[in-house]
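Novice: Turn this into a structure:
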Amino acid sequence: MLALDRLQAAYGPSQVLFDVSLQIAAGQIVTLLGRNSMGKTTTVRAIMGLLPVAAGVYFDGKPLHGATPEAIARRGIGLVPEGRMVFPTLTVRENLVATAANRLGRPQPWSLDRIYALFPRLRERAGQYARTLSGGEQQMLAIGRALMTNPKLLILDEATEGLAPVIRAEIWHCVAALKAEGQSILLIDKNLAVLGRLADHHYVLEKGRTVWSGDGAALQRDAEMVHRYVGL
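Specialist: Next up is the predicted model:
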């Protein structure tokens, strides 16, 4: 579904990505691992067209590089950005319906009721302004907002960073439920224990390069080496 082939990217004269390659098949959860400032969010920005790249990004077998962020979203990629970035002066309900669409014609598209079933807290706070929510509730809202676009691929950048343990558990439960429904997900997080159980394949970035990849069994086998790349 998504393929990065020796992706390179830069901020002005400063090159950040030198050789990033990964693949995500339909229905898979794939992780992108690495310490801070290794290029994970820059990779996401390149996929979404927020950072121009000349080559190396393909979606459903067709080039994605060079497309605008709006066109990329219409192609079926939904983003839950680092820092959540919900619309603070809109209510929970307004955030969810603001970008809702079913451009790909799914027979059972995401709706308010489905989002509220996934995250009951959002139903309780449907009339509240997003700025009044806790960090965990804002993350739920950001995930719900992305799902309302009915994406073929969902990208979660720092899925549980800074959240309380009980909220992290709720987010992981949500991710597991999405996987059971066949949702393809690119997931960035640091919780190797959970990711090892949830994800189908893993990629590690180090200074803008893909330095390791493998499935869950390989992650367990090479845990010490991977931790050297991912741990503090």
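Novice: first vs last residue of stretch 24-34, how far apart are they?
Specialist: 18 Å (CA to CA, to the nearest Å).
Novice: which residue sits closest to residue 207 in space, ignoring its chain neighbours?
Specialist: residue 38 (6.2 Å; CB to CB, 6 or more residues apart in numbering). Quick note: C-beta positions are derived from backbone N, CA and C, even for glycine.
Novice: let me fix that: residue 88
Specialist: In space, residue 88 is closest to residue 131, 3.7 Å off (CB to CB, 6+ apart).
Novice: Let me know whether that neighbour touches residue 91 as I believe.
Specialist: No. When contacts are counted by CB atoms under 8 Å, residue 131 is not listed as touching residue 91 (10.2 Å).
Novice: which one of those two has more residues nearby?
Specialist: residue 91 (16 against 11; other CB atoms under 10 Å).
Novice: how far away is the residue nearest to residue 207 from residue 221?
Specialist: Going from residue 38 to residue 221 by CB to CB, to the nearest Å gives 22 Å.
Novice: neighbour count winner among the two?
Specialist: More neighbours surround residue 38 than the other of residue 38 and residue 221, with 22 against 12 (other CB under 10 Å).
Novice: which residues does the nearest residue to residue 43 once chain neighbours are set aside contact?
Specialist: In space, and not counting its chain neighbours, residue 43 is closest to residue 20: 5.5 Å by CB to CB, 6+ apart. By CB atoms under 8 Å, 6 or more residues apart in numbering, the contact list for residue 20 reads 4, 6-8, 39, 43, 56, 205, 208-210.
Novice: let's go with 6 Å and repeat that
Specialist: If a contact means CB atoms under 6 Å, 6 or more residues apart in numbering, then residue 20 has 4, 7, 43, 210 as its contacts.
Novice: Please apply the same query to residue 144.
Specialist: 96, 115, 119.
Novice: Which of the helices or strands spans it?
Specialist: helix 135-147 (DSSP states H and E).
Novice: hang on, the earlier thing: the residue nearest to residue 207: what secondary structure?
Specialist: Using DSSP: H, G, I helix; E, B strand; the rest coil, the secondary structure recorded for residue 38 is coil.
Novice: give me phi/psi at it?
Specialist: phi -100, psi -10 (degrees, to the nearest 10).
Novice: quick one: it and residue 204, what's the gap?
Specialist: 9 Å.
Novice: Then residue 53?
Specialist: Distance from residue 53 to residue 204, by CB to CB: 21 Å.
Novice: for residue 227, same thing?
Specialist: 10 Å.
Novice: More neighbours: these two, which one.
Specialist: residue 204 (24 against 12).
Novice: How about the contacts made by residue 99?
Specialist: Residue 99 touches residue 149, counting by CB under 6 Å, 6+ apart.
Novice: ah, wrong one, I meant residue 208
Specialist: 16-18, 39.
Novice: can we see that at 7 Å?
Specialist: 16-18, 20, 39 (CB atoms under 7 Å, 6 or more residues apart in numbering).
Novice: Which residue ranges of the protein form helices?
Specialist: Per DSSP state H, the chain carries helices over the ranges 40-47, 69-75, 92-98, 112-118, 120-124, 135-147, 165-180, 192-198, 216-221, 223-230.
Novice: Turn those helices into a markdown table, columns for mean pLDDT.
Specialist: Listed next are the helices of the chain as a markdown table, based on pLDDT from 0 to 100:
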| stretch | mean pLDDT |
| --- | --- |
| helix 40-47 | 96 |
| helix 69-75 | 94 |
| helix 92-98 | 97 |
| helix 112-118 | 96 |
| helix 120-124 | 96 |
| helix 135-147 | 96 |
| helix 165-180 | 94 |
| helix 192-198 | 92 |
| helix 216-221 | 92 |
| helix 223-230 | 90 |
